[in-house]
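Peer 1: Next comes the sequence, and after it the predicted model I'd like to discuss.
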Amino acid sequence: MGKPRRFETRAVHSGEHRAGAKEGRDGIFYPISTPIYASTTFSHPNIETTDRVLGGEEQGYSYARYDNPTVRAFEEALVSLESPETGAGIRAFAFASGMAATHAALAAAELTGGSTVLAAEQLYGSTSTLLVQVFGASGVETRFVDAYDLGAVEKKVAALEPRAVVVESISNPLLRVADIPEISKITRAAGAALIVDNTFGTPYLQRPLELGADIVVHSATKYISGHGDLTAGVVAAGAPYAAAVEQLRKLVGGVLGPFEAWLAHRGLKTLPLRMGRQCENAREIASSLAAHQKVAKVNHPSLRAHPDHETAGRVLSDTGGLVSFELAAEGRDAAFAFLNALELCVKAPSLGDIYTLAIHPATSSHRELSPSRRKRLGVGENLVRLSVGIEHAEDVISDLQQALERL
Ligand SMILES: *Cc1c(COP(=O)(O)O)cnc(C)c1O
């Protein structure tokens, strides 16, 4: 056994099984990248082996809704990046979208009728709606809490005895940073499962399982794949949740296809390079915006004025690739004029891509909320969110400045 390999090295190599040479018409060869196994089913040298594979007594593949070598390669890479140092027993499961993964994670937390979930009020809108509409219909009650107020979390956990607590490592669009080590102390003591949506954090910034979380969820559509060209999700968890997630995926069938798994795995290999550059760019962009007269306020954990500046220093290895800011000019018209004036930054929802993307949260991610709820969450009409890409920071800053000057 060699030395444990570092994150960057594991990102590149994990999941690839080159030792398993392929034997074919052309002799023996070793693909350096796991091929796309576009096969719905797998046969074995004899039916006894098929029997053992189906019975779970022997490792292998039988049917693509259960497992597929391309999908498993991606999952193994994710396990290697999300697991704690000690991390035996963590497994990852790839889904057709982040929402399919979130659904499986919540269901795996054994949300049987009558139980309660405590969710961050800052959660991704579809996650809140999934809880209220879909889980609500089968008797699960969802209550909300300001997840960035530990006192409030502690009180609500004590009062409600929730089966699960759901938070995001970094919230949208104000980029609040959850204190996962402290929240996990509270959930552990209460016997609740802590589910962390680590989409904004990625294992590059934080490994929630290392900090006491029970289940980690990703929209791999975002930073994990990183190129804005596929939809995918992942759940990573240890016992007893991993087995439940696997069973749910078999039965509900929201598995990721081999083509997307191959692309996602290829994207994952450059996660440390991309995130490193994105964090650096975001810091520069945040500080240049903070110094601009036409900007009223900038939200980025790298800034001293950010409410979670100190927490971010403790629980994240860097301050992330998203930045949001309020224009000094009030109202929707100014925000729209600013967005329309951008020439380089792409006006599109989603995040975590190599391109710098700009959106207006009040009319996109937070569109469905009432104006008063938006106000409470700090999402004003003059707020713009950037998902910083891997371009040269100076080019992005120039684009933002010329658009600001035109206001
Ligand atoms: C995008 C996103 C999701 C949903 O993921 P999809 O891949 O779009 O299904 C869930 N949580 C967060 C934080 C997201 O940004």
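Peer 2: Right, received. Where do you want to start? Numbers count the residues shown, from 1 in each chain.
Peer 1: Please identify the residues of this protein in proximity to the ligand?
Peer 2: Residues of the chain found near the ligand, taking CB under 6 Å from any ligand atom as the criterion, are 97-99, 102, 124, 126-127, 168, 197, 199-200, 219, 221-222, 231, 233. For the C-beta atoms, the positions are set from N, CA and C on the backbone; glycine is no exception.
Peer 1: Could you tell me how many residues sit around whatever residue of the stretch 301-407 of the chain ends up closest to the ligand?
Peer 2: Ranking the residues of the stretch 301-407 of the chain by distance to the ligand (CB to the nearest ligand atom) places residue 351 first, at 6.3 Å. One way to gauge burial is a neighbour count; for residue 351, by other CB atoms under 10 Å, it gives 24.
Peer 1: you'd agree it is up against residue 357?
Peer 2: Yes - judged on CB atoms under 8 Å, residue 351 makes contact with residue 357 at a distance of 6.3 Å.
Peer 1: So residue 92 belongs to a helix, correct?
Peer 2: No - checked against DSSP: H, G, I helix; E, B strand; the rest coil, residue 92 lies outside a helix; its state is strand.
Peer 1: Next, the contact list for it, please.
Peer 2: When contacts are counted by CB atoms under 8 Å, 6 or more residues apart in numbering, residue 92 touches 75, 76, 78, 79, 82, 234, 235, 236.
Peer 1: beta partners of it?
Peer 2: For residue 92, the beta-bridge partners are residue 236 (DSSP bridges).
Peer 1: and the gap between it and residue 14?
Peer 2: Residue 92 sits at a distance of 11 Å from residue 14 (criterion: CB to CB, to the nearest Å).
Peer 1: what's the answer for residue 251, then?
Peer 2: According to CB to CB, residue 251 and residue 14 sit 28 Å apart.
Peer 1: again with residue 121
Peer 2: As judged by CB to CB, residue 121 and residue 14 stand 36 Å apart.
Peer 1: out of those two, which sits in the busier spot?
Peer 2: More neighbours surround residue 14 than the other of residue 121 and residue 14, with 20 against 16 (other CB under 10 Å).
Peer 1: hang on, the more buried one packs against residue 76?
Peer 2: Yes - under the contact definition of CB under 8 Å, residue 14 touches residue 76, with a separation of 5.9 Å.
Peer 1: Which of the residues of the chain next to the ligand are buried, as a PyMOL select command?
Peer 2: Below is the selection syntax for PyMOL that covers the buried ones among the residues of the chain next to the ligand, with 16 or more other CB atoms under 10 Å defining burial:
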select buried, resi 97+98+99+102+124+127+168+197+199+200+219+221+222+231+233
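Peer 1: Report the two of the residues of the chain next to the ligand separated the most.
Peer 2: Taking CB to CB as the measure, these span a maximum distance of 18.8 Å, between 168 and 231.
Peer 1: Just give the closest residue to the closest residue to the ligand within the stretch 101-250 of the chain, not the sequence neighbours.
Peer 2: As assessed by CB to the nearest ligand atom, the ligand sits closest to residue 219 within the stretch 101-250 of the chain, at 3.0 Å. Once its chain neighbours are removed from consideration, residue 219 has its nearest residue in residue 98; the separation is 2.6 Å (CB to CB, 6 or more residues apart in numbering).
Peer 1: Would you check how far apart the one you found and residue 113 are?
Peer 2: Separation of residue 98 from residue 113 (CB to CB) stands at 26 Å.
Peer 1: Excluding chain neighbours, what is closest to residue 294?
Peer 2: With CB to CB, 6+ apart, the residue lying closest to residue 294 is residue 404, at 4.5 Å.
Peer 1: Is the one you found part of a helix or strand, or is it coil?
Peer 2: Remark: residue 404 carries the secondary structure label helix [criterion: three-state DSSP].
Peer 1: For residue 43, the count of nearby residues, please.
Peer 2: Using other CB under 10 Å, residue 43 is surrounded by 11 other residues.
Peer 1: Give me the distance between it and residue 261.
Peer 2: Between residue 43 and residue 261 the distance is 21 Å, computed by CB to CB.
Peer 1: Can you give the distance of stretch 204-218 from its chain's centre?
Peer 2: In this view, stretch 204-218 has its centroid 10 Å away from the chain centroid, taken as CA atoms, centre = their mean, to the nearest Å.
Peer 1: which stretches of this protein have low pLDDT?
Peer 2: In the predicted model of the chain, residues 1-2, 19-21, 86-87 satisfy pLDDT under 70.
Peer 1: Name the residue of it that lies nearest to the ligand.
Peer 2: Among residues of the chain, the one nearest the ligand by CB to the nearest ligand atom turns out to be residue 98. It sits 2.2 Å away.
Peer 1: show me the contacts for that residue.
Peer 2: Taking CB under 8 Å, 6+ apart, we find residue 98 in contact with 199, 217, 218, 219, 220, 221, 222, 231, 232, 233.
Peer 1: and which of those residues is nearest residue 69?
Peer 2: Among the contacts of residue 98, residue 232 lies closest to residue 69 (CB to CB), at 16.6 Å.
Peer 1: dump the residue contacts of that closest one.
Peer 2: When contacts are taken as CB under 8 Å, 6+ apart, residue 232 is in contact with 94-98, 219-221, 224-225, 256, 260-261, 264.
Peer 1: With secondary structure added, can I get those residues in JSON lines?
Peer 2: Compiled in JSON lines, these are given as follows (three-state DSSP):
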{"residue": "94", "secondary structure": "strand"}
{"residue": "95", "secondary structure": "strand"}
{"residue": "96", "secondary structure": "coil"}
{"residue": "97", "secondary structure": "coil"}
{"residue": "98", "secondary structure": "helix"}
{"residue": "219", "secondary structure": "strand"}
{"residue": "220", "secondary structure": "coil"}
{"residue": "221", "secondary structure": "coil"}
{"residue": "224", "secondary structure": "coil"}
{"residue": "225", "secondary structure": "coil"}
{"residue": "256", "secondary structure": "coil"}
{"residue": "260", "secondary structure": "helix"}
{"residue": "261", "secondary structure": "helix"}
{"residue": "264", "secondary structure": "helix"}
